[in-house]
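In: Sequence and computational prediction follow.
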Amino acid sequence: MTDRTAPSAEAVGAPTRTVLLRGGEVHSPADPFATAMVVERGHIAWVGSEGAADAFAQGVDEVVDLGGALVTPAFTDAHVHTTSTGLALTGLDLTGAGSLAAALDLVRAYAASRPGDRVLLGHGWDAARWPERRAPRRAELDEAAGGRPLYLSRVDVHSAVVTTALLDLVPGVRPDGDRPLTADDHHAVRRAAFAAITPAQRAEAQRAALDRAASLGIGSVHECGGPDISSAEDFAGLLALAAERPGPRVFGYWADRDLALARELGAVGAAGDLFVDGALGSHTACLHDPYADASHTGTEYLDAVAVAEHVAACTEEGLQAGFHAIGDAAVTAVVEGVRAAAEKVGLARVRAARHRVEHAEMMTPATIAAFAELGLTASVQPAFDAAWGGEDGMYADRLGAERARTLNPYAALLKAGVPLAFGSDAPVTPLDPWGTVRAAAFHRTPEHRISVRAAFTAHTRGGWRALGRDDAGTLVPGAPADYAVWRTGELVVQAPDDRVARWSTDPRSGTPGLPDLTPGSDLPVCLATVVGGREVFVRPQG
């Protein structure tokens, strides 16, 4: 297997310079055998063969020898909570805790290390994976945190456990015993906890998250903010930070039905996590039939009438609408609402707006067909299946094995012509673009698998299309120079109808190759990330 070495740590792109990259593999539909690329004024100017690159060598400001590295479009993560992701990176991360006792030990250590924080924040606990099979009790948290305010979100961020000191700051929240807080109570304590973060803490977290994204070859993120998620101050601060420093592009979605506020904040849509329901792990996803392990059908936050009103208003205002919908009843409510809006303002206008649905996990043939009819983009997270799918995963616990096998049907969505945009929902699952592509190509339910090429497209060009832009996310002349450079093994082409991942290196395929993502293989290592012709990450040598 060929090892593709790193370029030097010199600049691999600058917006005012003309740069020739050569001696590598360039993943471009314009030329499936391209080995060189020219970047000029922040855009791709040319892609082609090594021999043809000689004609450019004298007229550029800089020539970069790729040393056999792979160049691809930068990834777009279509669903991120940037500040929360940064807080998990810089603060208390419980995703690795293997037991309740281990989680409480982490809380004690973190509390001792942060004596000046007004509130302690943590994320990632998952009682379903612990031998104790229960969430922390309030008295246990009070002891571990030393009586201080503490907020710990579950891994799906749709429920949380808190200390008594934090509850004292939130009048009106009356928990039902030691059960994790959900719905309005959860939103209230989360607002109180995040309001206690200092501007310096928030900016530190945002920088950490964006720097991590850049180091993974992510050139753009879709920030999913909203009044029940963070705050207008947090959202505006992130957009301002992203505008003033080199890093991934940030496109903000504000999950609120207040369209004037969304525009004022600079949001590209009144969309994202505008909750129609909650999450399966917290028993708050809204289902047609009861949970397998609970005697209810979850929580509905918005009905079809509210969906219709929002979609019609956004369409009239030229804004994207979008909703968080996971359970089958929630997805049905979205479909019925969007269809009603189309009857009011016109199907063509609704389709042209490219409204989107986040997560869309419990789909049926009828709702898949409706997504295609209504022009809805499915903004989905393949890492969810990798984390919770399978015969013995959380989905099967919540729904039973038969219903669990229907979740996240990517192949059926693509076959119906539904646009896919891939994301992480970080910090729910980590920023990990190649891992996301692998998760879609090797879905735990084989009939839902898609080709690596289709998954890669959903995580690059798909994110741009979800924004309403068809001119980006691919390395062709005229496209923005958003790209990443990778050290990887031999490039291969997966047959488009191959669900068991047979691979081909035959150049006669005429298809640009991608890394072998077979489970167990090493994922590519990002050597550099460039956004708009400006380098935002270069991996140190050695």
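Out: Ah, there it is. Numbers count the residues shown, from 1 in each chain.
In: so how many other residues sit close to R469?
Out: Applying the criterion other CB atoms under 10 Å, we find 14 residues in the vicinity of R469. In this view, the C-beta of every residue, glycine as well, is placed from N, C-alpha and C.
In: now swap in the one 5 residues further on and tell me
Out: With neighbours defined by other CB under 10 Å, the count for T474 comes to 21.
In: I figured it hits G463, correct?
Out: No: contact status for T474 versus G463: not in contact, 11.6 Å apart, counting by CB atoms under 8 Å.
In: Going by neighbour count, list what's buried in the helix or strand that contains A306.
Out: Following DSSP states H and E, one finds A306 within helix 304-317. The neighbour-count check on helix 304-317 (16 or more other CB atoms under 10 Å) flags A304, A306, V307, A308, E309, H310, V311, A312, A313, C314, T315 as buried.
In: For the helix or strand following that helix, name the packing helices and strands.
Out: Following the chain from helix 304-317 toward its C-terminal end, the next helix or strand by DSSP H and E is strand 320-325. Contacting strand 320-325 under the criterion 3 or more CB pairs under 8 Å, 6 or more residues apart in numbering; DSSP states H and E are the following elements: strand 269-270, helix 304-317, helix 328-345, strand 356-359.
In: change it to 6 Å
Out: Applying 3 or more CB pairs under 6 Å, 6 or more residues apart in numbering; DSSP states H and E, one finds that strand 320-325 contacts helix 304-317, helix 328-345, strand 356-359.
In: Just tell me which of the ones you listed ends up closest to H288.
Out: For the helices and strands packed on strand 320-325, the distance to H288 is smallest for helix 328-345, at 4.8 Å, taking CB to CB.
In: Quick one: residues in contact with the closest one.
Out: When contacts are taken as CB atoms under 6 Å, 6 or more residues apart in numbering, the neighbours of helix 328-345 outside the stretch itself are 276-277, 286-288, 303-304, 307-308, 311-312, 315, 323, 325, 350, 357, 360, 362, 367, 370, 374.
In: can you check stretch 367-387 too?
Out: When contacts are defined by CB under 6 Å, 6+ apart, stretch 367-387 is touched by residues 78-79, 331, 335, 338, 351, 354-358, 360, 408, 412-413, 416-421, 423, 425, 429, 436, 439-440, 443-444, 466.
In: Just the ones of the residues you listed in strands?
Out: Applying DSSP state E to the contacts of stretch 367-387, the entries found in strands are A78, H79, R356, V357, E358, L420, A421.
In: Now those in a markdown table, please, with extra columns for pLDDT.
Out: Below are the ones in strands among the contacts of stretch 367-387 laid out as a markdown table (pLDDT from 0 to 100):
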| residue | pLDDT |
| --- | --- |
| A78 | 98 |
| H79 | 98 |
| R356 | 98 |
| V357 | 98 |
| E358 | 98 |
| L420 | 98 |
| A421 | 98 |
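In: Tell me the one of the residues you listed nearest E391?
Out: Within the ones in strands among the contacts of stretch 367-387, the smallest distance to E391 is 25.0 Å, found for L420 (CB to CB).
In: Between the two ends of stretch 467-476, how far is it?
Out: The first and last residues of stretch 467-476 sit 19 Å apart, counting by CA to CA, to the nearest Å.
In: buried sites along that stretch?
Out: Within stretch 467-476, the residues that count as buried by 16+ other CB under 10 Å are L467, A472, G473, T474, L475, V476.
In: which residues does the residue nearest to the first one when sequence neighbours are not counted contact?
Out: Spelled out, that is L467. Excluding its sequence neighbours, the residue lying closest to L467 (CB to CB, 6 or more residues apart in numbering) is F251, at 5.9 Å. The contact partners of F251, by CB under 6 Å, 6+ apart, come to H222, V268, L467.
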